[in-house]
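Asker: A structural model of the following input is requested.
(one chain, ligands or ions: 2)
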Amino acid sequence: MKVLSYKDSEYTSFVATLDRRAIPEKGVEDLVSDIIANVKENGNQAVYEYTKKFDHLHLTDESLFVSADELAEAAASVDDDVKAAIEASRQNIHDFSRRSFRQNWSAENAQGVTFGERFTPYDRIAAYVPGGKAPLVSSALMTAAFAQAAGVKEIIAATPAGADGKVNPALLYALQQSGATEIIKVGGAQAIAALALGTQTVRPVEKIFGPGNSFVVEAKRQLVGAVSIDLLPGPSEVLIIADDSAVPEFIAADMLAQAEHGGDSIVGFVTTSDTLIAKVDAAIQDQLKSLSRANYMQTVLDNSTFCLQAKDLDEAMEICNAFAPEHLSLIVENEDSWLEKVKTAGAIYVGNMAAVAVGDFLAGPSHTLPTGGSGKSFSGIRADQFQRRTSIVRMDQAAVKKSVDHVETFARVEGLDAHGQSVRLRADA
Ligand SMILES: NC(=O)c1ccc[n+]([C@@H]2O[C@H](COP(=O)([O-])OP(=O)(O)OC[C@H]3O[C@@H](n4cnc5c(N)ncnc54)[C@H](O)[C@@H]3O)[C@@H](O)[C@H]2O)c1
Ligand SMILES: [Zn+2]
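Answerer: Ligands and ions are numbered 1, 2, ... in the order given. So this is what the prediction gives:
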């Protein structure tokens, strides 16, 4: 772990590096652009080629889609407690979604024109569910179940299968319960390209949702235009801001839980306390002993974990807003007044008891959140992203008469006299 105090000479320059922008690496950008071009040109053949290369799986037109038999088999093999957990999470997601949908409305403007907005679900979306390092059963829910709540009719999911062609049964079951209507066994940039551009057998979608590794995220970024996307949710990360009111064992546990996500995730801890970093470090060493992925976590602790002793909480908040963490755990006295100062975090967990893992799996808000600093510009997945927005305008002659003078002025300034005439004709009719 990198440990620095504001008294250290290296501190200021390190803190400056935390002010991030999500800009793709050149190597990834070029590789993904080649993959997209190949899928555009050769469709399924290119998809199979990359799946062979990166996932060691030989796919064919027959095995590309998860079959009805495979789904039935998965449903039969999943234990009841797993089904209950999936259902509890799904219910919370629907409950959370219901409150956040945009509502149709209609009103009158100053000239008496009726204006309003109408929201309708997308017809066909894609949910990418990562599957490289762990079967992210919860990620299936955290994307697809929102689409289901919004009433999207066609939800195609894409997730990488193992070299044996199998997808984790609990993940398949979660997708089924979340309204997935088709599932393809493809991951990576090739999956995103197939979903955005279509292939011989994959019909293109209108919008692509879901997290993934740097190749997945970069493919989504490059394909904006062909489709729209939710956000750029890449490798997971947490920032913990705590003062002496925090329980060190809880902080250590959350840092380890984050480290468990693997090599490319980031763990940050900023405190105003003189003693907390040492206590947390001791608790980490203690807890590591009993955890199954300890070696894995050690890599994250060694390479991408930082602990900072900040001058005061105002400075900690500045670091937070510059870093734009995916998850922020805020454990401080007078938490509400500090909460107000956080602007860029994807999700904020408030207080000692608010475990990030409850949000990862169950709480209700989507765990698909902006990473890599993109929280400055994007927010996490939410239900209204599955709704299209259309504005609706109506007017009677009285409203036209009240509008015509201003319209003619604009028409004159822009040199568009046909525009002016189209309104004048109606006003004088
Ligand atoms: N931000 C969020 O909300 C959120 C939520 C869940 C997961 N995540 C993140 O999603 C990521 C999942 O990553 P993952 O790798 O486990 O699964 P993934 O499904 O995103 O990626 C696996 C795919 O990447 C492709 N790939 C692998 N190596 C490649 C290479 N060298 N070149 C080109 N393509 C390659 C393969 O085709 C494979 O199918 C993790 O970093 C995790 O932290 C983020
Ligand atoms: Zn997590």
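Asker: give me every residue that touches P121.
Answerer: Residues near P121 by C-beta atoms under 8 Å, 6 or more residues apart in numbering: 147, 150-153, 386-388. All C-beta spots, glycine's among them, are computed from the backbone N, C-alpha and C.
Asker: quick one, phi/psi of K401?
Answerer: phi -60, psi -40 (degrees, to the nearest 10).
Asker: Per-residue pLDDT of the residue lying closest to it once chain neighbours are set aside, please?
Answerer: In space, and not counting its chain neighbours, K401 is closest to A427: 4.8 Å by C-beta to C-beta, 6 or more residues apart in numbering. Per-residue confidence (pLDDT) for A427: 98.
Asker: what do you get for H261?
Answerer: For H261, pLDDT reads 88.
Asker: for F96, same thing?
Answerer: At F96, the pLDDT recorded in the model is 97.
Asker: How about E70?
Answerer: 98.
Asker: Check whether it sits in a helix, strand or coil.
Answerer: helix (DSSP: H, G, I helix; E, B strand; the rest coil).
Asker: Quick one: end-to-end distance for stretch 153-165.
Answerer: 27 Å (C-alpha to C-alpha, to the nearest Å).
Asker: and this structure, which residues reach ligand 1?
Answerer: 31, 54-55, 130-133, 136, 139, 160, 187-189, 211-213, 215-216, 233-236, 261, 264-265, 326, 367-369, 371 (C-beta under 6 Å from any ligand atom).
Asker: tell me what the lowest-mean-pLDDT helix or strand in the chain is packed against?
Answerer: Across the helices and strands of the chain, mean pLDDT, DSSP states H and E gives its lowest value to helix 294-303, namely a mean of 91. Under the contact criterion of 3 or more C-beta pairs under 8 Å, 6 or more residues apart in numbering; DSSP states H and E, helix 294-303 touches helix 248-259, strand 266-271, helix 276-288.
Asker: cutoff 7 Å now
Answerer: helix 248-259 (3 or more C-beta pairs under 7 Å, 6 or more residues apart in numbering; DSSP states H and E).
Asker: Pull out the buried positions in the lengthiest helix in the chain.
Answerer: Ranked by residue count under DSSP state H, the longest helix found in the chain is helix 80-100. For helix 80-100, burial by neighbour count (16 or more other C-beta atoms under 10 Å) applies to 85-86, 89-90, 92-94, 96-97.
Asker: In the stretch 1-150 of the chain, which residue sits nearest ligand 1?
Answerer: Nearest to ligand 1, among the residues of the stretch 1-150 of the chain, is G132, at 2.8 Å (C-beta to the nearest ligand atom).
Asker: Secondary structure element holding that residue?
Answerer: According to DSSP states H and E, G132 maps onto no helix or strand at all.
Asker: What is the neighbour count of it?
Answerer: 17 (other C-beta atoms under 10 Å).
Asker: Mind jotting down where the strands sit in the stretch 51-200 of the chain?
Answerer: All strands of the stretch 51-200 of the chain, identified by DSSP state E, counting those that start in this stretch, fall at 105-108, 114-121, 124-128, 154-158, 182-184.
Asker: Surely Q148 touches S178?
Answerer: Yes: here Q148 reaches S178: they are 5.3 Å apart, a contact under C-beta atoms under 7 Å.
Asker: out of these two, which sits in the busier spot?
Answerer: S178 (26 against 23).
Asker: returning to that earlier point: restricted to buried residues, select the residues of the chain next to ligand 1 in PyMOL.
Answerer: Here is the PyMOL command that selects only those of those that count as buried (16+ other C-beta under 10 Å):
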select buried, resi 31+54+55+130+131+132+136+139+160+187+188+189+211+212+213+215+216+233+234+235+236+261+264+265+326+367+368+369+371
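Asker: the domain parsing of the protein - what is it?
Answerer: Listed by automatic domain parsing, the domain ranges of the chain are 2-22+235-363, 26-229, 395-427.
Asker: quick one: buried residues of the last one?
Answerer: Okay, so that is domain 395-427. Taking 16+ other C-beta under 10 Å as the criterion, domain 395-427 shows 395, 399-404, 407-408, 411, 420, 423-424, 426-427 as buried.
Asker: and that domain, how far apart are its ends?
Answerer: End-to-end for domain 395-427, by C-alpha to C-alpha: 11 Å.
Asker: and if you look at the second one?
Answerer: With C-alpha to C-alpha applied, domain 26-229 spans 21 Å between its terminal residues.
Asker: how distant is it from the center of its chain?
Answerer: Distance, stretch centre to chain centre, for domain 26-229: 12 Å (C-alpha atoms, centre = their mean, to the nearest Å).
Asker: how many degrees apart are the helix or strand containing I241 and strand 266-271 in direction?
Answerer: Element membership for I241, per DSSP H and E: strand 237-242. Put simply, strand 237-242 runs at 10 degrees to strand 266-271, going by axes from the mean of the first three to the mean of the last three C-alpha atoms, to 10 degrees.
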